[in-house]
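Chemist: here's a sequence, model it:
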Amino acid sequence: MLIFRQLFDAPSSTYTYLLGDALSGDALLIDPVFEQVRRDAALLHELRLSLRWTLETHVHADHVTGAWLLRQRTGSRIALSCRSGAHGADRLLEHGDRIAFGGRHLKVRATPGHTNGCLTYVLDDQSMAFTGDCLLIRGCGRTDFQQGDAGTMYRSVHEQIFSLPGRCLLYPAHDYRGLTVTSVDEERNWNPRIGGDSSADDFAGYMKNLGLPHPKQIDVAVPANLNCGRPAEGLVGAGDPTWAPLTFTFGGIWEIQPHVLEEAGARVQVIDVRQPDEFDGSLGHIGGAKLIPLDQLAARSGEIDKARPVVAVCRSGARSAQAVVLLQRAGFGEVANLAGGMLRWRAEGCPVEGGAA
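Modeler: Numbering: from 1, shown residues only. Next up, the predicted model:
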């Protein structure tokens, strides 16, 4: 079974695509974004997938790729076009190459025109293709910088994308209107730039008169992406929390495991957000925990020391996850959720005060 997820980075309007083979657990990411690496790694962990490859559709001008950082974190390999001019990749791809992940694979089609190194990745059964900036939903990538050429793009789209089966779903690298997917038939018929009866000359005239502003991040993104997203020394950005070994969830919450919290002891503050009858009920509570019910937390956050890490606790970890969000909004920087709550705390034999035997 194919595992497929479409992920979005709002600041750059970039789509990242996760494809995994459920049988083997092998996966790949297309067009990862540097600032979203923590999110992507969390999703891979929760789906129990091993990242084998990160693939670039081209050298991006609007964001920095997460390929290098993912390689550091997961041991994945980096692949992009041999015509990209990039350094540091593990594999430089040519037209016709295959990238395997478990029992599935993507076929590489060279689709230059936006840049010389643009690639489209086609799933083995031709049910979906990932077109990068070559073909967008009712649009296409620009051709006015980075080796762009309207005639080349016209040929790429018609020869390499429109030649796919009409039912083939097309997934672009960007969309600025909230659209998520299209198909070969749709774009052949309805793309106002390059579909219908548009000729190469019609398309060139359209592209010549777009009048778009220069990409805001181009001076930062292109040099970094020519190095596969490896940042300059000292510019890696904020790392993971250091006060305890934490796990970041795809839901966006830092979690601490029961045994880690037990070992942390008095170094952290435990805030129990259950109701008083639960705090003194059958599950008991963690020694030293301070009871502040969730519906009182925003008003009483001043009772909590911002200079010390905070762990929020509830019965199952659901209410305390919301408590983490509320505390972060209140300015707490070092805050985590107890994974599994008191149910898991007791199940793992951690000490409690009160509660049933």
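Chemist: my guess is residue 319 meets residue 292, correct?
Modeler: No - counting by Cβ atoms under 8 Å, residue 319 does not reach residue 292; the two are 11.5 Å apart. No exception for glycine: its C-beta is placed from N, CA and C like everyone else's.
Chemist: between the two, what contacts are shared?
Modeler: Residues touching both residue 319 and residue 292 (Cβ atoms under 8 Å, 6 or more residues apart in numbering) are residue 273.
Chemist: in the stretch 151-300 of the chain, where is pLDDT below threshold?
Modeler: For the stretch 151-300 of the chain, applying pLDDT under 70 flags the ranges 233-238.
Chemist: quick one, helices of it?
Modeler: According to DSSP state H, counting those that start in this stretch, the stretch 151-300 of the chain carries its helices in the segments 184-190, 200-208, 218-225, 258-264, 276-279, 294-300.
Chemist: hmm, who's touching the last one?
Modeler: In this structure, residues lying in contact with helix 294-300 by Cβ under 8 Å, 6+ apart are 271, 273, 274, 292, 314, 319, 320, 322, 323, 326, 327, 330.
Chemist: out of these, which is nearest to residue 173?
Modeler: The nearest member of the contacts of helix 294-300 to residue 173, counting by Cβ to Cβ, is residue 322 at 33.9 Å.
Chemist: for the stretch 1-150 of the chain, what spans make up the helices?
Modeler: So, for the stretch 1-150 of the chain - with DSSP H, counting those that start in this stretch - the helices run 37-46, 67-74, 150-156.
Chemist: okay if I get those as a markdown table plus mean neighbour count?
Modeler: Formatted as a markdown table, the helices of the stretch 1-150 of the chain follow (neighbours: other Cβ atoms under 10 Å):
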| stretch | mean neighbour count |
| --- | --- |
| helix 37-46 | 19 |
| helix 67-74 | 22 |
| helix 150-156 | 21 |
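Chemist: out of those, which gets nearest to residue 279?
Modeler: helix 37-46 (30.0 Å).
Chemist: what packs against that closest one?
Modeler: Helix 37-46 is packed against strand 2-9, strand 14-21, helix 67-74, strand 247-248, with contacts defined by 3 or more Cβ pairs under 8 Å, 6 or more residues apart in numbering; DSSP states H and E.
Chemist: let's see 6 Å
Modeler: Helix 37-46 sits against helix 67-74, with contacts defined as 3 or more Cβ pairs under 6 Å, 6 or more residues apart in numbering; DSSP states H and E.
Chemist: and the contacts of helix 294-300, which of them are buried?
Modeler: In terms of neighbour count (16 or more other Cβ atoms under 10 Å), the buried residues within the contacts of helix 294-300 are 271, 273, 274, 292, 314, 319, 320, 322, 323, 326, 327.
Chemist: pick out the most distant pair among those.
Modeler: 274 and 327 (15.7 Å).
Chemist: what's the lengthiest helix in the chain packed up against?
Modeler: Secondary structure of the chain per DSSP state H: the longest helix is helix 318-329. Using 3+ Cβ pairs under 6 Å, 6+ apart as the contact definition, the elements that helix 318-329 packs against are helix 294-300, strand 310-313, strand 335-338.
Chemist: now do 10 Å
Modeler: Judged by 3 or more Cβ pairs under 10 Å, 6 or more residues apart in numbering; DSSP states H and E, helix 318-329 is in contact with strand 254-256, strand 269-272, helix 294-300, strand 310-313, strand 335-338, helix 341-347.
Chemist: distance from the chain centre to it, please.
Modeler: 22 Å (Cα atoms, centre = their mean, to the nearest Å).
Chemist: same question for stretch 273-284.
Modeler: That offset, for stretch 273-284, works out to 37 Å (Cα atoms, centre = their mean).
Chemist: one more: stretch 89-109?
Modeler: For stretch 89-109, the distance to the chain centre is 21 Å (Cα atoms, centre = their mean).
Chemist: any idea how far apart the tips of that stretch sit?
Modeler: In stretch 89-109, first residue to last residue: 18 Å (Cα to Cα, to the nearest Å).
Chemist: that one: which residues count as buried?
Modeler: 89, 93, 95, 97, 99, 101-102, 104-109.
Chemist: buried sites along stretch 287-297?
Modeler: Result for stretch 287-297 [16+ other Cβ under 10 Å]: buried residues 289, 290, 291, 292, 293, 294, 297.
Chemist: closest one of those residues to residue 179?
Modeler: residue 294 (37.7 Å).
Chemist: how about the nearest residue to the closest one, chain neighbours excluded?
Modeler: Counting by Cβ to Cβ, 6 or more residues apart in numbering, residue 294 lies nearest to residue 273, which is 4.2 Å off, once chain neighbours are set aside.
Chemist: what does residue 173 give?
Modeler: residue 132 (4.6 Å).
Chemist: list the contacts for the one you found?
Modeler: 15, 30-31, 55-58, 60, 111, 114-115, 117-121, 141, 171-174 (Cβ atoms under 10 Å, 6 or more residues apart in numbering).
Chemist: now, which of those lie within strands?
Modeler: Of those, the ones assigned to strands by DSSP state E are 15, 30, 55, 119, 120, 121, 171, 172.
Chemist: so of the buried residues of stretch 89-109, which two are at opposite extremes in space?
Modeler: Top of the distance list for the buried residues of stretch 89-109 (Cβ to Cβ): 95 and 102, 23.5 Å.
Chemist: what about the most centrally placed residue in the chain, distance to residue 31?
Modeler: Taking Cα atoms, centre = their mean as the criterion, residue 40 is the residue nearest the geometric centre of the chain, at 4.0 Å. The spacing between residue 40 and residue 31, counted by Cβ to Cβ, to the nearest Å, is 11 Å.
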